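S.K.: please find the sequence and the predicted model below.
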Amino acid sequence: MTKGSYYKYKTKKWFTNDGYVCEYLEKNQRIYIKGRVIFIKRDLFGADGLAMNDKQIIFWQCKLNEKNISSAIKEFKKFPFPIFVDRWIVVWKPRVRQPEIIEID
């Protein structure tokens, strides 16, 4: 399991332990270039996952440390989310049990 996959799994587990229903939002694409197949993963709506309960809908992107936060914010801002939908960047630091949450306006 790669670091990215580990922290996506850890984020999903964190949401489900808090009572949310949670799913990943990635699609895999195949691209043919010069007779070779290249596989690309793309996040839907700029998010790694979606978490929801009866009060809240959250599109989330997880990051290790504080790398690439600005690029995640730019990616979220490309899409017209409704006012009632939250967008979170979930930042994990090594050996920490609770993530830091950055909410996007």
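M.R.: Sure thing, it's come through.
S.K.: can you give me the neighbour number for Lys11?
M.R.: Lys isn't right for residue 11; it's Thr. A count of nearby residues for Thr11, using other Cβ atoms under 10 Å, gives 23. All C-beta spots, glycine's among them, are computed from the backbone N, C-alpha and C.
S.K.: show me what contacts it?
M.R.: Each residue near Thr11 by Cβ atoms under 8 Å, 6 or more residues apart in numbering is listed here: 48-49, 60, 62, 90, 92, 99.
S.K.: SS state for it?
M.R.: Three-state assignment for Thr11 (DSSP: H, G, I helix; E, B strand; the rest coil): helix.
S.K.: could you check how far it is from Val37?
M.R.: As for Thr11, its distance to Val37 is 30 Å (criterion: Cβ to Cβ, to the nearest Å).
S.K.: go on, Glu103?
M.R.: Distance from Glu103 to Val37, counting by Cβ to Cβ: 39 Å.
S.K.: which residues in the protein form helices?
M.R.: Along the chain, the stretches classed as helices by DSSP state H are 3-17, 69-76.
S.K.: which one of these lies nearest to Leu44?
M.R.: Taking Cβ to Cβ, helix 69-76 is the member of the helices of the chain nearest to Leu44, at 10.9 Å.
S.K.: any idea of the mean pLDDT in that closest one?
M.R.: Helix 69-76 shows a mean pLDDT of 92.
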